[in-house]
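Trainee: Any chance you could fold what I've pasted below:
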Amino acid sequence: MRDLTLYYLTLYYPIVLHLALQAAVIVRVLVRPHRDPASRIAWVVVIAALPVIGIVAYLLFGEVNIGRNYIARAQAVMQRMPRVQDAPGSDAPALQPAVPEQHRHLFEVGRSISGFDPVGGNRARLLADSNATIDAMVADIDAATDHVHLLFYIWLPDNNGCRVVDALVRAVERGVTCRAMADDLGSRSMIRSEHWRRMQDAGVRLARALPIGNPLMRVLRGRIDLRNHRKIVVIDDWITYCGSQNCADPEFRVKPKYAPWVDAMMRFDGPIARQNQLLFGADWMVQTGEDIDALLRRPLPEPEPGLTAQVVGTGPTVRWSAMPELFETLIYAARRELVVTTPYYVPDDSLQSALCASARRGVDTTIVFPARNDSRIVAAASRSYYADLLAAGVKIYEYVGGLLHTKSLTLDGEIALIGSANMDRRSFELNYENNILFVDCALTADLRARQHAYIERSRLVAAADVEGWSWRKRLWNNTLAILGPVL
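Mentor: Model (predicted):
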């Protein structure tokens, strides 16, 4: 009898243990805060259907965990960060924002995310293309007199990437303080190259954002795929750039078959640069420990009157749902026209509903995607949403002139958002992003003209096209959309 009991214990103990572990992980999925129902359901399905793979996947990628030490450092830095509105000179008349009453709530949402008030006295222009953007950056770095701060998700050792390297080296040699940060995953080829060492030897202060280190040990400290996706350049506390472009050639030789990468960047000068400076400064001090507090507390020069703008920075240590909330608020504010461009569209239910509602209430609603996406999974998941968007009256275009990488939104010819954030769950929950929201009819018209140029090089997606997809394609697209919350 004893032998028989031992036999059954030996036989069933692993099964019982596994079921207990599976149940414990499912309970954790259900009680974990800040998770929408679709995400919970997706993870429960994966864990139930693929027990071993599902449990391992959830432990590695199921929670937005950047590491306790990083969170503690980030909180300590943010507690002592100065506020732009408290800087000496911030009460100058030209810095006061000029926001129409009907749009003030949009900037209130932005302020609730990053703590930055909209600020006036800015000038801005939309750069012609990727190479023109690098030309302008290099010229500004060459003209810098005090400091250059630079942060990119992807920085490649190609022609444009090396032009920026050369400009930083020249700046350091003439006594300008240069700090440059690149994401440890996205910019690994530059970080491992001789160009990185050359900058270091020349005196450029360098940092790797969210360093991976030993991948096996890294997953014990936090998710390896939480990345710094920001693209920030600040020069002399007065010039800044914002948009979708990484520091690389448009041919993007690491993925040449999707080239050219089609981006949009804006060059701003004015007090809005201080807000980008604070975003950079927070990332820099968390990552390096260097105290640049004095630089961040300098008086603001009094500018000439100019447009009103606001920096909105989001990320896994910023409040939950910040980026989709901003997108949705802008979408619901549209009354006549809404145009969106994004390369990656894997929305939550509320964002998809906001776009459908926009078209249903009579707003001329257009969204432009790339026809060929560098992520087949995201492309398929995106197309699963086409039928509902088209049924609501949203016009969908697919850009055929390369990989449309521009992240932009214009509404009613008055308000625009440009930056690094995509309309997908990675930008919503996992990546650090930076965007600028502004109110200015002329600059919005420039961005709207760029969006129109994209549309002219796109094919219109008709409802009949979607209805004609094979059942296999529908199955593939819809399956990946169901798994969207775990992608």
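Trainee: check which helix or strand covers residue 317.
Mentor: Secondary structure assignment for residue 317, by DSSP states H and E: no helix or strand.
Trainee: check contacts around it.
Mentor: 66, 70-71, 74-75 (C-beta atoms under 8 Å, 6 or more residues apart in numbering). C-betas here are computed from N, CA, C, even on glycine.
Trainee: repeat that for 6 Å
Mentor: Residue 317 makes contact with residue 74, according to C-beta atoms under 6 Å, 6 or more residues apart in numbering.
Trainee: how about the residue nearest in space to the middle of the chain, phi and psi?
Mentor: The chain has residue 421 as the residue nearest its centroid, 3.0 Å off, counting by C-alpha atoms, centre = their mean. Main-chain dihedrals, residue 421, degrees, to the nearest 10: phi -80, psi 130.
Trainee: how about it, what does it touch?
Mentor: Contacts of residue 421 by C-beta under 6 Å, 6+ apart are 323, 407, 427, 433, 435.
Trainee: Following the chain onward from the helix or strand of the chain with the lowest mean pLDDT, which element is next?
Mentor: Between all helices and strands in the chain, the lowest mean by mean pLDDT, DSSP states H and E belongs to helix 215-221, at a mean of 63. As assigned by DSSP H and E, the chain's next helix or strand after helix 215-221 is strand 232-235.
Trainee: returning to that earlier point: are any of the contacts of residue 421 buried, and if so which?
Mentor: 323, 407, 427, 433, 435 (16 or more other C-beta atoms under 10 Å).
Trainee: these two touch, right, the last one and residue 419?
Mentor: Yes - with the criterion set as C-beta atoms under 6 Å, residue 435 and residue 419 qualify as a contacting pair; they are 2.8 Å apart.
Trainee: Pull out the buried positions in stretch 74-93.
Mentor: 74, 77, 81, 84, 87, 90.
Trainee: What score does the third one have for pLDDT?
Mentor: Which is residue 81. Residue 81 carries a pLDDT value of 84.
Trainee: Kindly provide the distance from the closest residue to residue 239 other than its chain neighbours to residue 233.
Mentor: Once flanking residues are discounted, residue 239 sits nearest to residue 269: 4.8 Å by C-beta to C-beta, 6 or more residues apart in numbering. Distance of residue 269 to residue 233, computed by C-beta to C-beta, to the nearest Å: 12 Å.
Trainee: more neighbours, those two?
Mentor: The neighbour count for residue 269 versus residue 233, taken as other C-beta atoms under 10 Å, is higher for residue 233 (26 against 19).
Trainee: mind listing what the more buried one touches?
Mentor: If you count contacts by C-beta under 6 Å, 6+ apart, then residue 233 has 137, 150, 241 around it.
Trainee: Ends of stretch 423-435, what's the gap?
Mentor: Terminal residues of stretch 423-435 are spaced 13 Å apart (C-alpha to C-alpha, to the nearest Å).
Trainee: Show me the shaky parts of the stretch 151-300 of the chain.
Mentor: Within the stretch 151-300 of the chain, the stretches with pLDDT under 70 are 215-222.
Trainee: all helices for it, in order.
Mentor: Listed in chain order, the helices of the stretch 151-300 of the chain (DSSP state H, counting those that start in this stretch) span 159-173, 188-191, 194-202, 215-221, 272-288, 293-296.
Trainee: So which of these is the most surrounded?
Mentor: Comparing the helices of the stretch 151-300 of the chain on average neighbours per residue, with mean count of other C-beta atoms under 10 Å, the densest one is helix 272-288 at a mean of 23.
Trainee: which helices and strands does that one pack with?
Mentor: Judged by 3 or more C-beta pairs under 6 Å, 6 or more residues apart in numbering; DSSP states H and E, helix 272-288 is in contact with helix 68-80, strand 205-209, strand 232-235, strand 239-243, strand 307-314.
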